[in-house]
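Student: for reference, the sequence and a predicted model appear below.
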Amino acid sequence: MGKSSKDKRDIYYRRAKEQGWRARSAFKLLQLNDEFQLFNGVKRVVDLCAAPGSWSQVLSRELYQNQNQKDAKIVAVDLQPMTPIEGVTTIQADITHPKTLQSILEIFGGEPADFVCSDGAPDVTGLHDLDEYIQAQLILSALQLTTCILKPGGSFVAKIFRGRDIDLLYSQLGYLFDKVICAKPRSSRGTSLEAFIVCLGYKPRSGWNPTLELNKSTEEFFEDANIGKSYNLQHFELPDPEERKIAKFIACGDLNDGDSDATYTIDIDSTVKGLDPVQMPTAPPYKKALEMKRRGDLVRR
Amino acid sequence: MTLEDRFNPISSLNESQLTPLNHYGPVTALKIHNEYVLAGNGSILKVFKVDQNSKTTLIFNKQVLKRNKIHNISISPSRKYVIINGGRSFVVLDFKILISNNLDQFAIIEKAVNEWIITAEFISDDILLILNSHNTVYKLDVSSPDQHFKLLDKIHCNEKSILYSGSITKISDEKVIIAAGTVMNGCIIWELNSKTILHNLTEHEGSIFGVKVDSEGKYIISCSDDRSIKLYDFESGHLFATGWGHGSRIWNLSFFKDTTNGVKIMSAGEDCTLRIWKYIPNQETLQQLELWEDAHRGKHIWSADIDDTNLKVCVSGGADGKIRLHDLSNRGQLTNYNLSFISEQCKIAFKKKEVIKSFTELEQLNLLILVTSGGSIILVDQIHNKFKSVDLSLDEHQKLDGFGLIQSFSDINVVTICSVHGDLLFLKFTDFDSEPTKSWIDDSILGKNKVTNFMVASKPNSNLHYLFIDCPNPRIPFILREFKFDEGIFELQRILLLEQPNQTSFTTTSMSIDFTNNWLFVASRYVSLAAYDLNTTKLESIPLSALHKKISAGDSITSISIIESKENEITLLTIVRDGIYMYIKFDQHFKMSIVHKNHISRGFIEGGYLKDNELILYGFKSSAFYIWNETRQLEITNVLCGGANRLWKVIKYSTGLPLDYKFLFINKSELNIFEFKGRFIDDRFGLINDGTHGREIRDVSISPSLFTDNSRLIMSASEDTTLNLSKLYQDGAVKNIWNINRHVSGLQRIKFLNDTYVASSAANEEFYIWKLDTFNKNIPLVVEYAKLAPSIENPDVRIMDFASIPLKEGFLIATGYSNSDIKLWYFNTETAKFELLVSDTYSTFCILNIDILTFDDKIYIQTTTTDGFFSIFEASEAIESQSLKVPGFDRVIIKQELHQNAVKAVFLKKINENHFKVFTGGDDNALVLSEIIYDGSLNFKTLSFVEDAASSTITSISEGIDETIIVTSVDQILRKWSYKGDSLQCASAVYTTIADTGCSDSTTFNNEKLIVAAGAGLSSWKI
């Protein structure tokens, strides 16, 4: 698909380019905020799996410009390097590492976060069960850091794939938050499994002291949290049934915002046609194979 | 929170009300063990036994895991147990009972750990190691007869990176190696007992999808995101070599057991290729020895295994659900002879630039007969590799000098060579050593004209043979000679002269005679066909009965053959070089109808034939010659020959002979003979498990009435632009007949309009109407009948859905678009033309579903859209409108918000002419029951609403039985909802292993209701 054809297909892609967002996903956070007022009274925010940085851009604009909170603190964490954003401290680090937590706490001056969000997703393989498992691991990684840093009453938002076991996650999050909602912004395509888990009102588990440790898996981390996760039984019996819950679904964003599934007619004379994407993709792992193919080094046999 | 609240009540409920029948979906695990192939087909374990004659039998077929797909299969050292694991769960089965085909003895007890299992392996018959996704190994004692497995140890190496892949290799009792392929940190190779990391191999970029250690602990191999495979020294961790060639991610790899000729590796991946590599010491790239392309449909070979020592096969499993055996023992035999060798053997001196110009085979005698440009005839004894030349007089030599076309009549051991001016030399052979009996029939018709083509045919079960000669002068008729072969003598019966088509260049390429009706067909370049009625012999020459010019796109018809012959009707298989094949019917007036047409994108097709109703095609793709089974979508063999521009001949042998195919070709003046015996050709071509599309299925539709053999036709449309025409049987089996490649954009919908017409819609405004027909009683055929012209030159709008109602001589068709347009068409089935009747726009929202309703002879259009609305428009006045401008709808009758956002699924149940129940399901997990009542005006009322009807998007609704509907959703639960008393109640909920569950259709066989649900695979269920 050429650049201008993608422009036409997707109104949010076009709008992101026009408005200077690094990715169209900026609108997802904006629409989530419209529905849930996530940014109200928020001073310290952690943006996990932040690259290329569109959510940090939204946070920066919201906290500094719109709310004029000079002392707000935004930390963006990702394994990939990120182009700097005004008012955002970027950390290139692993979100499961205790040092990362330490760095964030230092930036926050030892104060807890008001809001943690994550728009992260792995490269999908196409094996749905595996992809959903890896995504769940990513969410749990974000959640373990969240439980170490989020203030009671704070909120957590993360990208989910609404696949076969999503009700397990809804149930587990229900132990940690007052409200767990599955939200679908109108800017998220209807054809995609993507949605966002909006967790409001963090309530730390009594008697559980979450601590990030090196070489502790996410399962081990939550082992004592008692959040309805099934653990290994005496003779490895299959836990059946498992605790599952359907979270309330809320579609968010105004109907007039635009439909990400619709094809829009664009004005041919429009000056924005064929704009380059704001952030180019980073070097893929198969870069060398592509180069070899281009040179004709990949002979058929 | 009450205890009840903690469980999802509609995750599993009354499961017995929905019985799974057949499943076609990704094959995620394969294991060859002795003569058995064990396969994980979703949650189902299948065991196949391969016997000594290479025949494969399915001996076990049962779902062994409740929800998870099988990702690994492993067998204990002395075959006591087999472990099958997937996701977090596993089962340990008694191997002997498993292969004893004694299903009833089976107690399958599913077990689980709390993490994703990467792999599992026995280190003794009773001790099982399980590697989880955080690089931790559970050591289990599984010897307890009541399966009370005991945890002996939990072992890790202090590096709990998250893994994508891994393997466990026992090198000795003391030395067990864990090879862990991480998502981000390379390969970690560690030793179990000492818990020490031996190597952290970081040469790859990206995630590691496979890493293995050979059984002797000498080498490590790995494959990854970066499209390469790597071989390392186990001891030092030093990288030996890298293999490049895969076009996308590589999912798995295996060592060959036999290392006597060096280290060999098999790999398979996302690009649907299976490759074999060899390590040449001190070379930094692995050498690719073998490549199986298009081994599966669509994308992904998810699983593969190899046994190079015993069964000598590779096995591959795709996202298409197919399991294929690939023979390693015989990949074909290629022999070649250069001209000087041949000249030496024959003791004749070739002239300068003399080359082989024509050849054929007498298979009963195992003889090849070559004609050279110098007019020599050379005999090749293929058994003893002997060569000799046939004695010819000087005069005979001269007749054949520079030109001699040879054809054979294999069953009578006769060859005929046609000279440049049409003189015919007959040679009857008895063996290599004896001189052939020679006779000439000189031509009296051509005069000085030159022959361009010489073709032959024989009447089955008779002694009549036909020789056809074509010369480029259109005034000279085609010459057809009928010979009788009696007691070793060729006797000319009659000469028929066929009027050439009156056009400048009717260059014949193929000929076929129908002996039922006595018709003859000739094909030519420019995709033209000429037909002759050979019964009209009273005239001096037989007139042309029909000429059909340019019957399809492309340059040249390469082959025609009669595949069905009835009185006054024949079916002609017609192959066009550019990749098109057609089934063409002719009636007694030689009126032609193309009843089946499809194209393949595999280079050139040179010919084809039917083998047990399966279509086999052959041709050239870049520098190789290939033989392809179009019905099963698999390559039978291929050979590098230098490409299409050469002299070649393919010979196919009947079943039971030691050879299946011989391919003769000239490359660089050398004679090449490629002989191929397909080890699995007689057993489903090695396709031991059937499948479906190799990509997500977007829609399915089942034919309204039963097909001739008590099956129903089922069509499916995939996101990769392919359509499948298959048969659905009462037992839920789906047999794929055709794979149609006409669409170029991702498909949205497919629907039967009636028993004869089917329509499909896709992105870029693609909309096709297909016409169905039948061949050989039970084989459905399909041909493109009409295509809706896009509204603009570069369309980018998707046709999301369509609907139709039958009208006199056609259909009223409604199309709904992603840009919110709605159009109404009249499609005339006589003219195959569309007429736009109404065009309007809903808003800016994408149309998801569209239907046509009629009340009181008035026409209404119903839509659902991404904004959550259900709407009905009246269209009668607009349809009747005589205005030149295409009108919009008359008025909006109903516009009701039913869901928070996209209304993905809608099903209208007709109660009576004026009353419909409306079921809608949305992206918002909700299911709504409403009704439409017509009492002079339309009334809409919502009756029942279930907010949490699924834990994810509801994607389709199909009709059930006894006031029920069947609902699919992306949470992979199939639910049966009752609507008795206008109240929606979940009656049954069953997990399906089909991910991305996106569509369904239901049908009835002898009062039994069947549902087919599809997504990443397809499954059938009895309600």
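Tutor: Cool, got the structure.
Student: contacts only, for residue 34.
Tutor: Assuming you mean chain A. By C-beta atoms under 8 Å, 6 or more residues apart in numbering or on different chains, the contact set of A:Asp34 is A:252-254. Quick note: C-beta positions are derived from backbone N, CA and C, even for glycine.
Student: actually chain B
Tutor: Under the criterion of C-beta under 8 Å, 6+ apart, the contact list for B:Asn34 reads B:Asn310.
Student: now for the closest residue to chain B within the stretch 1-150 of chain A, how many residues are close by?
Tutor: Among the residues of the stretch 1-150 of chain A, A:His128 lies closest to chain B, at 3.4 Å counting by C-beta to the nearest C-beta. By the other C-beta atoms under 10 Å in any protein chain shown criterion, the neighbourhood of A:His128 contains 24 residues.
Student: ok, it touching A:Gly163?
Tutor: Yes. Counting by C-beta atoms under 8 Å, A:Gly163 is a contact partner of A:His128 at 6.1 Å.
Student: okay, and the common contacts of those two?
Tutor: Jointly contacting A:His128 and A:Gly163 under the rule C-beta under 8 Å, 6+ apart are B:Ala995.
Student: in the stretch 651-800 of chain B, which residue sits nearest chain A?
Tutor: Minimum separation of the stretch 651-800 of chain B from chain A (C-beta to the nearest C-beta) falls at B:Val797, amounting to 4.8 Å.
Student: for A:Asp261, see how far away that residue is.
Tutor: 12 Å (C-beta to C-beta, to the nearest Å).
Student: between the two, what contacts are shared?
Tutor: B:Ser818.
Student: quick one, phi psi at the residue of the stretch 1-150 of chain A closest to chain B?
Tutor: Recorded main-chain torsions at A:His128 are phi -60, psi -40, according to degrees, to the nearest 10.
Student: ok, now the one 10 residues further on?
Tutor: Main-chain dihedrals, A:Leu138, degrees, to the nearest 10: phi -60, psi -40.
Student: pLDDT weak spots in the chain?
Tutor: I'll assume chain A. A:1-9, A:266-283, A:299-301 (pLDDT under 70).
Student: not quite, go with chain B.
Tutor: For chain B (pLDDT under 70), the answer is B:1-4, B:103-106, B:504.
Student: tell me which residue in it sits closest to chain A.
Tutor: When distances are taken as C-beta to the nearest C-beta, chain B approaches chain A most closely through B:Gly206, which lies 2.8 Å from it.
Student: all helices of chain A, in order?
Tutor: If DSSP state H is used as the criterion, the helices of chain A fall at A:3-9, A:11-19, A:26-36, A:54-60, A:98-107, A:128-149, A:166-174, A:218-222, A:287-295.
Student: got those as CSV, with distance to A:Glu194 columns?
Tutor: Formatted as CSV, the entries for the helices of chain A read as follows, by distance: least, C-beta to C-beta, whole Å:
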stretch, distance to A:Glu194
helix A:3-9, 17
helix A:11-19, 13
helix A:26-36, 9
helix A:54-60, 14
helix A:98-107, 25
helix A:128-149, 10
helix A:166-174, 11
helix A:218-222, 21
helix A:287-295, 27
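Student: could you count how many residues lie near whichever residue of the stretch 201-301 of chain A sits closest to chain B?
Tutor: Minimum separation of the stretch 201-301 of chain A from chain B (C-beta to the nearest C-beta) falls at A:Pro285, amounting to 2.8 Å. With neighbours defined by other C-beta under 10 Å, the count for A:Pro285 comes to 17.
Student: doesn't B:Glu203 make contact with it?
Tutor: No. The pair A:Pro285 and B:Glu203 fails to qualify as a contact (C-beta under 8 Å) at a distance of 11.9 Å.
Student: which outside residues touch stretch B:850-864?
Tutor: B:800-805, B:812, B:814-816, B:822, B:824, B:842, B:847-849, B:870-876, B:879, B:889, B:893, B:898, B:903, B:906, B:908, B:913-914, B:916, B:920, B:932, B:934, B:936, B:938.
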